[in-house]
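**Student:** show me the folded form of this:
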Amino acid sequence: MTQDYQYIQGFGNHISTEALPGALPYGKNSPQKPPYGLIPELLSGTAFTARRHENLRTWLYRIRPSVLQGAFAPATGFEAIQSAPLGDDHITPQQLRWDPMPKPSGSTHLIQGMVTVAANGDAAMRAGSAIHLYSANESMKDEYFYNSDGDLLIVPQSGELLLKTEFGTMSVEPTEIAMIPRGVKFQAELPKGDACGYMLEIYGNHMILPDLGPIGSNGLANPRDFQSPVAAYEERSGDFQLLCKYGGKFFTAAISHSPLDVVAWHGNYAPYKYDLKLFNTINTVSYDHPDPSIFTVLTSPSEHPGCANVDFVIFPPRWMVAEDTFRPPYYHRNVMSEYMGLIHGAYDAKPDGGFEPGGGSLHSCMAAHGPEAKVFDRASDVELKPEYQGNTLAFMFESSYIYKTTAFAMDTPTLQEDYHQCWQGLKPRFDPKKP
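**Tutor:** Next up, the predicted model:
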């Protein structure tokens, strides 16, 4: 496969790209004799009859069709990766927080290094999502993977991932994200050694850019900054394994060639990456802390407008200039369930340790949350001046469905049993004689 990792700009575009000149058929999708003896194959990310502006599909022109593989058999070693619906054994309204996951002790590639923290909805009904962590120390060599249950949003916290897909290759590092759509085959390499981070598996509707409303036509994540790979192919024979996640279970099939043999493609269903440093942050310039929805990068809509299946929200570097305002995030109880992670730096509501890069927290539906006691006291009395919060990049997976935690999440030594204590030092400031 070519090592020139070039990209095509734009979100949701209909893209045409070819690794060999003239590999894309002209004027038709499935000619009797395609150029170079390639085989057309349609990959549909939505139903044929989805509305035109929501219809996602791509024509792939490949050396061999995807049907050339062995029979699937159950695969072992992936029991830590779970899918919704989860049981009720570990459900809790308690606020939860975890330290970073330790690195694996043995050789572990990206898929082997995944573990599920929580999930909601139902993968088979294409509703909800699952939150995974990953920690890997080895490239995938003779294995390829695709997920039938949902899209994978990958959020690296440390280490580079080289994602070799049917569509081409993407290099993704911390402060960037990558989306691998449902059904797309890929292989992950680790060019710089160990890598860890977060994954959001989206069972429901594919993610889109949020509406901007009165913000106007520009702002937040701009469409031009998303990047899809240019076509690149791999013609390699050998004894390989094709891993598949289907219905919450893992399966494997023998395959005698690399499935990354797509020489050309055109369509609007493709992997993409995005640099979070390019996010155009909107914030208050007068008073009050805005709702965190103003920091939404991508949203997976539910069937109820304005109520997301799951959102991806970031808390990036930004100026804080609000006057006569408690500047940290306000205390909150929310119908949504919120999982937060930290890519680097500190989060302004939890700056004094406990919420570390690679760690996470879960505040489920109506679970009270907000700044810890020390932050409240400091922010209530500090002299307000313009302040730039530069050393920070936190994010949130926010869903309208209740997340149920896994046995791993509740039994792991990284669970902070005393997390709730960070609020217990809050002292009432109420004085009926001082309005």
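**Student:** can you list the low-confidence ranges for this protein?
**Tutor:** Scanning the chain for pLDDT under 70 picks out 1-4.
**Student:** would you list every one of the helices in it?
**Tutor:** For the chain, applying DSSP state H gives helices covering 373-381, 407-411.
**Student:** buried residues, the longest one. List them.
**Tutor:** It stands for helix 373-381. 375-376, 379 (16 or more other CB atoms under 10 Å). Just so you know, the C-beta spots here come from the backbone N, C-alpha and C atoms, and that holds for glycine as well.
**Student:** now do the contacts for His344.
**Tutor:** 157, 174-175, 357, 391-393 (CB atoms under 8 Å, 6 or more residues apart in numbering).
**Student:** possible to save these as CSV with neighbour count and distance to Arg224?
**Tutor:** CSV is the format used below for these (neighbours: other CB atoms under 10 Å; distance: CB to CB, whole Å):
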residue, neighbour count, distance to Arg224
Gln157, 24, 26
Pro174, 20, 22
Thr175, 17, 18
Pro357, 18, 29
Asn391, 10, 27
Thr392, 18, 25
Leu393, 23, 21
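**Student:** next, the distance between the ends of stretch 311-326.
**Tutor:** Criterion CA to CA, to the nearest Å; first-to-last residue distance in stretch 311-326 is 25 Å.
**Student:** what's the domain layout of the chain?
**Tutor:** As given by automatic domain parsing, the domain ranges for the chain are 7-12+37-43+58-276, 281-413.
**Student:** ok so, going back, rebuild the helices of the chain as TSV, extending it with distance to Asp324.
**Tutor:** Listed next are those as TSV, based on distance: least, CB to CB, whole Å:
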stretch	distance to Asp324
helix 373-381	12
helix 407-411	40
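**Student:** Thr296 is nearest to which of these?
**Tutor:** Closest to Thr296 of the helices of the chain is helix 373-381 (CB to CB; 23.8 Å).
**Student:** residues in contact with Tyr331?
**Tutor:** 368-371.
**Student:** what's the burial count for Pro35?
**Tutor:** 17 (other CB atoms under 10 Å).
**Student:** my guess is it contacts Pro25, does it?
**Tutor:** Yes: Pro35 lies in contact with Pro25 (CB atoms under 8 Å); the separation is 6.5 Å.
**Student:** now do the shared contacts for those two.
**Tutor:** Contacts common to Pro35 and Pro25, judged by CB under 8 Å, 6+ apart, are Tyr61.
**Student:** before we move on, back to that, so which of the helices of the chain is nearest Gly183?
**Tutor:** Here helix 407-411 is closest among these (CB to CB), at 26.6 Å.
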